[in-house]
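Chemist: Give me coordinates for this.
(chains A, B, C and D)
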2 protein chains.
Amino acid sequence: MGGEGQAGRGAVTIKDVAAALGVSHSTVSRALNGHSHISPEMKDKVRRAARELGYVVNAGARTLRQASSRLIGLVVPNVTNELVTAMMKVLAARCERANYQLVLCVTQDDAEAELRHVEMLRQSRATGLITVPTPFVLPETARMMAAMPVVQFSRRHAAIDAPSVTIDGAQGIAAAVRHLAELGHRRIAYIGLPDSLSTGAARADGFRGALASCGIGDADALLHQGQGSIEFGRATTMMLARAAAPPSAIIYGSADLTLGGLEALRRESLAVPRDLSVIGFGDPHWLRIYDPGISTIGLALSESAEAAISSLLRQIDARAHGAAPGTEPSLELEPFLVLRDSTARFRGAA
Amino acid sequence: MGGEGQAGRGAVTIKDVAAALGVSHSTVSRALNGHSHISPEMKDKVRRAARELGYVVNAGARTLRQASSRLIGLVVPNVTNELVTAMMKVLAARCERANYQLVLCVTQDDAEAELRHVEMLRQSRATGLITVPTPFVLPETARMMAAMPVVQFSRRHAAIDAPSVTIDGAQGIAAAVRHLAELGHRRIAYIGLPDSLSTGAARADGFRGALASCGIGDADALLHQGQGSIEFGRATTMMLARAAAPPSAIIYGSADLTLGGLEALRRESLAVPRDLSVIGFGDPHWLRIYDPGISTIGLALSESAEAAISSLLRQIDARAHGAAPGTEPSLELEPFLVLRDSTARFRGAA
DNA sequence: ATGAAAGCGCTAACAT
DNA sequence: ATGTTAGCGCTTTCAT
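Modeler: Next up, the predicted model:
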């Protein structure tokens, strides 16, 4: 049934199909691409012949002709973050429907890797890209990005001249602080991401600001920023739990930090929320298996992904129609507090 | 500082660089690609001019010439599975080093989507692909795959003529059963994936076989297969816990089922392992935050990913050297029991 | 060491 | 409605 469908050189081309039918190759092209002035029978004959010969259109040749490929880049630091997986999922679906291919680029937060990836995307004439930029984007990277439709997602970097879709982490953390303050807590700790990440800086700011506006001073002693690893969350929580003057509540600044924190709390057999109130960040399903259920700062995952993608698609459209660029607005979504059973009224020194 | 670096038509080409230097465009090509017979000074001049003009090689044109692109496809049902994320991570790293781009294709276990993705990969002359095949691969999909280097990962499908790297789920489940039987358990339940998935079928087989070889009959009453969702794990666990004759132990057949199960156990306040022994599947970090720590069937994640990638790369190499195909062996890795504190000696009726 | 020229597979004028 | 032709940007002979 049909030819061998060889890849590479020697593959069957429209010329082969044309020859087999005794027509010109442009007729084949037209038929295959559903052009207007082509007789239905011819269209059918061509279609049939093409599939019988195992013809597969050469996207490269088409790209060369049309000067733009149907690739969309997704440049992310890792592949396990909640926001990233949501983005992959939604973007993959959208790409499939719109006949784009999704090129996944993992930077591991290495600026050089980021540059190499963006370079390759430019080389393959990617239509656009969505990026969670590394902390220290190279000037060259920013310059390359300037030449294509780009959306910054989750994080943003000043050097990149592209709209962003982010989550208002400051508000999220502030809401958590306020909730705890209302419950009477004063010694509230925050374990978060480093200032090098735009997300880390914003969340820490939110923490400080909320503390101040709640009339709680001496923020810094309870503010811990470090690598966003499970390990750091665990170690810092352990340290805090064993401190001479432990906090009565801890807020986490990322899902991994929360995970490490919960592991530490279980090991230390801390009674939550009796001895310690806890608020996590993000809402992975496993927060529900901890006993008690962990209150947390929820993020509108697919919503933010959708927003970013729409922004990118609008830029792509604008470019296709030769419209003026630079009008795309940035967006900052509000997170929301998900209250479960891990916070309680402050009941005196632990 | 350099030109605008326009994308699409009007971008600067080697001809522009050549013109600017008053040399021929083939000289530019040679210089840029580091060919042998080219003077060092010329190489330098060209390099400098290229970067000053903002030249970016057109990968499409190169592909057209060389009849193969530097794309590797990863075709997966979803993007959250432990094995899949491990694969993405490892493959992304390998691709970056070897100058490939990783095209992520998410099928959602829909055979039609799978076909469309594989078709697009063929069209863009992808060098090869790694796939976690859908349960019901279309003949057309299998045929397209026959034309390129392919490795099946985690699952395998009979219609696809390509080596596979899988995990011996039957062994994993059997080991879990044996462990529980040694602890005196007789009423052992298994909650797993459906038979439509090769993984689901194998694991269920392993369960039945181990039960029989441990002299425990009446398997079917305690064998529950269904959608691998958190919800199914939760509902089935709930049902089992409340049954007239509940099991004294439960084994889960996927990480999501485990997650749902643990949620149910927490809700029902079942004492693990006193009232119920539990063994999970896979080893996501959150198994450590449940109290007690959950014993589980551990998988060699990166190892299996590496193996699959190596197999693919070997096929690609072989093809490049015109070697005979079809000699690549399949591999089945052994999972291992990770013992924590969720299993205990059977102590009579609950 | 460099230049000239051909051609990869396709699409899109421009003919007819 | 179909055929002819040119050319996208690149690599690669074949000359020189």
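Chemist: Flag the shaky bits of chain A, pLDDT-wise.
Modeler: Chain A contains residues with pLDDT under 70 at A:1-9, A:219-220, A:325-326, A:349-350.
Chemist: how about the strands of the stretch 151-300 of chain A, start to end?
Modeler: A:164-167, A:188-192, A:223-225, A:249-252, A:277-281, A:295-298 (DSSP state E, counting those that start in this stretch).
Chemist: which stretches of the stretch 251-350 of chain A form helices?
Modeler: A:255-267, A:301-320 (DSSP state H, counting those that start in this stretch).
Chemist: wait, which of those is closest to DNA strand C?
Modeler: The closest of the helices of the stretch 251-350 of chain A to DNA strand C is helix A:301-320. By Cβ to the nearest atom of the strand, the value is 12.6 Å. C-beta: built from backbone N, CA, C; applies to glycine.
Chemist: rewinding a little: I'd like the helices of the stretch 251-350 of chain A written out as CSV, with distance to DNA strand D added.
Modeler: Output for those, formatted as CSV (distance: least, Cβ to the nearest atom of the strand, whole Å):
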stretch, distance to DNA strand D
helix A:255-267, 42
helix A:301-320, 17
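Chemist: Please name whichever of those helices is nearest to A:R94.
Modeler: Among these, helix A:301-320 comes nearest to A:R94, with 5.4 Å by Cβ to Cβ.
Chemist: Tabulate the helices of the stretch 251-350 of chain A in a markdown table, adding columns for mean neighbour count and distance to A:G54.
Modeler: Below are these laid out as a markdown table (neighbours: other Cβ atoms under 10 Å in any protein chain shown; distance: least, Cβ to Cβ, whole Å):
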| stretch | mean neighbour count | distance to A:G54 |
| --- | --- | --- |
| helix A:255-267 | 25 | 47 |
| helix A:301-320 | 19 | 32 |
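Chemist: Tell me which of those sits nearest to B:L331.
Modeler: Taking the helices of the stretch 251-350 of chain A one by one with Cβ to Cβ, helix A:255-267 is closest: 31.3 Å.
Chemist: Just the C-alpha atoms of the closest one, please, in PDB.
Modeler: Only the C-alpha atoms of helix A:255-267 are listed here, as PDB (Å, rounded to 0.1, in the frame of the first residue of the first chain):
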ATOM      1  CA  ALA A 255       5.400  25.500  45.700                       C
ATOM      2  CA  ASP A 256       8.700  23.700  46.100                       C
ATOM      3  CA  LEU A 257       9.500  25.700  49.200                       C
ATOM      4  CA  THR A 258       6.100  24.700  50.500                       C
ATOM      5  CA  LEU A 259       6.800  21.100  49.800                       C
ATOM      6  CA  GLY A 260      10.100  21.200  51.600                       C
ATOM      7  CA  GLY A 261       8.500  23.000  54.400                       C
ATOM      8  CA  LEU A 262       5.800  20.500  54.900                       C
ATOM      9  CA  GLU A 263       8.300  17.700  54.900                       C
ATOM     10  CA  ALA A 264      10.200  19.500  57.700                       C
ATOM     11  CA  LEU A 265       7.000  20.100  59.700                       C
ATOM     12  CA  ARG A 266       6.100  16.400  59.500                       C
ATOM     13  CA  ARG A 267       9.600  15.400  60.500                       C
END
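Chemist: most centrally placed residue in chain A?
Modeler: In chain A, the residue lying closest to the centroid (Cα atoms, centre = their mean) is A:V84, at 3.4 Å.
Chemist: same for the helix or strand containing A:V46, what does it pack against?
Modeler: Per DSSP states H and E, A:V46 falls inside helix A:40-53. Helix A:40-53 sits against helix A:14-21, helix A:25-32, with contacts defined as 3 or more Cβ pairs under 8 Å, 6 or more residues apart in numbering or on different chains; DSSP states H and E.
Chemist: so which of these gets nearest chain B?
Modeler: helix A:25-32 (11.8 Å; Cβ to the nearest Cβ).
Chemist: Kindly confirm my reading that the residue nearest to the centre of chain A forms part of a strand.
Modeler: No - according to DSSP: H, G, I helix; E, B strand; the rest coil, A:V84 belongs to no strand; its state is helix.
Chemist: thinking again about what came up before, turn the helices and strands packed on helix A:40-53 into a markdown table, including mean neighbour count and distance to chain B.
Modeler: Formatted as a markdown table, the helices and strands packed on helix A:40-53 follow (neighbours: other Cβ atoms under 10 Å in any protein chain shown; distance: least, Cβ to the nearest Cβ, whole Å):
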| stretch | mean neighbour count | distance to chain B |
| --- | --- | --- |
| helix A:14-21 | 18 | 13 |
| helix A:25-32 | 18 | 12 |
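Chemist: Mind checking those for the one nearest to DNA strand D?
Modeler: helix A:25-32 (3.2 Å).
Chemist: and the closest residue to A:L83 other than its chain neighbours, what does it touch?
Modeler: Nearest non-adjacent residue to A:L83, counting by Cβ to Cβ, 6 or more residues apart in numbering or on different chains: A:S154, 4.9 Å away. A:S154 is in contact with A:81, A:83-84, A:132, A:165-167, A:199, A:304, counting by Cβ atoms under 8 Å, 6 or more residues apart in numbering or on different chains.
Chemist: Between all of the residues you listed, which two are at the greatest distance?
Modeler: A:N81 and A:V165 (14.8 Å).
Chemist: So these two - more neighbours on which side?
Modeler: A:V165 (27 against 19; other Cβ atoms under 10 Å in any protein chain shown).
Chemist: so what's that one up against?
Modeler: By Cβ under 8 Å, 6+ apart, the contact list for A:V165 reads A:151-154, A:304, A:307-308, A:311, A:330-333.
Chemist: Distance check, it against B:S39.
Modeler: Distance of A:V165 to B:S39, given as Cβ to Cβ, to the nearest Å: 50 Å.
Chemist: try A:N99
Modeler: Separation of A:N99 from B:S39 (Cβ to Cβ) stands at 46 Å.
Chemist: next one: A:Y100
Modeler: 43 Å.
Chemist: Domains in chain A, by residue range?
Modeler: Residue ranges for the domains of chain A, per automatic domain parsing: A:3-57, A:68-162+A:302-332, A:169-299.
Chemist: and of these, who's closest to B:C95?
Modeler: Closest of the domains of chain A to B:C95 is domain A:68-162+A:302-332, at 8.8 Å (criterion: Cβ to Cβ).
Chemist: Which residue, neighbours along the chain excluded, lies closest to the residue of the stretch 251-350 of chain A at minimum distance from chain B?
Modeler: Relative to chain B, the nearest point of the stretch 251-350 of chain A is A:W286 (3.7 Å; Cβ to the nearest Cβ). Nearest non-adjacent residue to A:W286, counting by Cβ to Cβ, 6+ apart: B:W286, 3.7 Å away.
Chemist: Any idea how many residues pack against the closest residue to A:G206 other than its chain neighbours?
Modeler: The spatial neighbour of A:G206 that comes closest, neighbours along the chain excluded (Cβ to Cβ, 6+ apart), is A:A170 at 3.0 Å. Residues lying near A:A170 (other Cβ under 10 Å) number 21.
Chemist: Please name the residues that touch A:A170.
Modeler: Per Cβ under 8 Å, 6+ apart, neighbours of A:A170: A:202-203, A:205-206, A:209.
Chemist: all strands for the stretch 1-150 of chain A, in order.
Modeler: So, for the stretch 1-150 of chain A - with DSSP E, counting those that start in this stretch - the strands run A:71-76, A:101-106, A:128-131, A:150-154.
Chemist: The second one: partners in the sheet, and parallel or antiparallel?
Modeler: So that's strand A:101-106. strand A:71-76 (parallel), strand B:101-106 (antiparallel) (DSSP bridges).
Chemist: next one: the third one
Modeler: Neighbouring strands of strand A:128-131 in its sheet, by DSSP bridges, are strand A:71-76 (parallel), strand A:150-154 (parallel).
Chemist: could I get that strand in PDB with only the CA atoms?
Modeler: Extracted in PDB, the C-alpha atoms of strand A:128-131 (Å, rounded to 0.1, in the frame of the first residue of the first chain):
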ATOM      1  CA  GLY A 128       7.100  34.000  18.100                       C
ATOM      2  CA  LEU A 129       8.000  32.900  21.600                       C
ATOM      3  CA  ILE A 130       6.900  32.900  25.100                       C
ATOM      4  CA  THR A 131       9.600  33.100  27.700                       C
END
